[in-house]
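Peer 1: coords below, sequence missing:
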């Protein structure tokens, strides 16, 4: 949900993303083949639902790649995930874990953490200063139920549950 809410705020500041959100039924059609591959029918998301419907689209953008990631792991690919929440909470530890996983010098971790202090999008519509003042939309119970059904079909944690999937790197 954190990624979905971030995308929703971002779509408010960036005209092309906002247009995509407003034309959600067309955007959902674009994602349909990937959803079909995972056995998810989200045709009910292609019709206006509630004011928080942009969150629905944003959650699709976040959930479908996670489902693809899990499928790659099931097929034997050596890939691992990094939780954004862990990276923000313990940046040095998580950078060390990522560098170690990639067989890179762990001594680069402190330099990597310094990069987090900078906004890499400072002079763009994606800048933190451009989107931080937008309010997060709240989920209606109806939309939450619909999205949880989709997440369940994808084999992903439901809204409100920790999103720790198989192969997630840890700093412990």
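Peer 2: That came in fine, so what should we check first? All figures in this text were calculated on a predicted structure; none of them were measured in a lab. Numbers count the residues shown, from 1 in each chain.

Peer 1: Could I get the full set of helices for this structure?
Peer 2: 2-13, 15-22, 24-37, 53-74, 84-89, 91-101, 109-116, 128-131, 141-154 (DSSP state H).

Peer 1: Of those, which is nearest residue 162?
Peer 2: Residue 162 lies closest, by C-beta to C-beta, to one member of these: helix 84-89, at 8.4 Å. Where you see a C-beta, it was placed from the backbone N, CA and C, and this is true even at glycine.

Peer 1: Counting neighbours, which bits of the closest one end up buried?
Peer 2: 86, 87 (16 or more other C-beta atoms under 10 Å).

Peer 1: Could I get the helices of the chain in a markdown table, plus columns for distance to residue 122?
Peer 2: Formatted as a markdown table, the helices of the chain follow (distance: least, C-beta to C-beta, whole Å):
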| stretch | distance to residue 122 |
| --- | --- |
| helix 2-13 | 14 |
| helix 15-22 | 18 |
| helix 24-37 | 28 |
| helix 53-74 | 23 |
| helix 84-89 | 19 |
| helix 91-101 | 19 |
| helix 109-116 | 13 |
| helix 128-131 | 8 |
| helix 141-154 | 33 |
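
Peer 1: which one of those helices lies closest to residue 167?
Peer 2: With C-beta to C-beta as the yardstick, what comes closest out of those is helix 53-74 (5.3 Å).

Peer 1: Which positions in that closest one come out as buried?
Peer 2: Within helix 53-74, the residues scored as buried using 16+ other C-beta under 10 Å are 53-60, 62-64, 66-67, 69-70, 73.

Peer 1: I'd like the helices of the chain laid out as TSV, including mean pLDDT and distance to residue 169.
Peer 2: Formatted as TSV, the helices of the chain follow (pLDDT from 0 to 100; distance: least, C-beta to C-beta, whole Å):
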stretch	mean pLDDT	distance to residue 169
helix 2-13	71	17
helix 15-22	63	29
helix 24-37	61	24
helix 53-74	79	12
helix 84-89	85	8
helix 91-101	94	5
helix 109-116	92	13
helix 128-131	70	25
helix 141-154	82	21
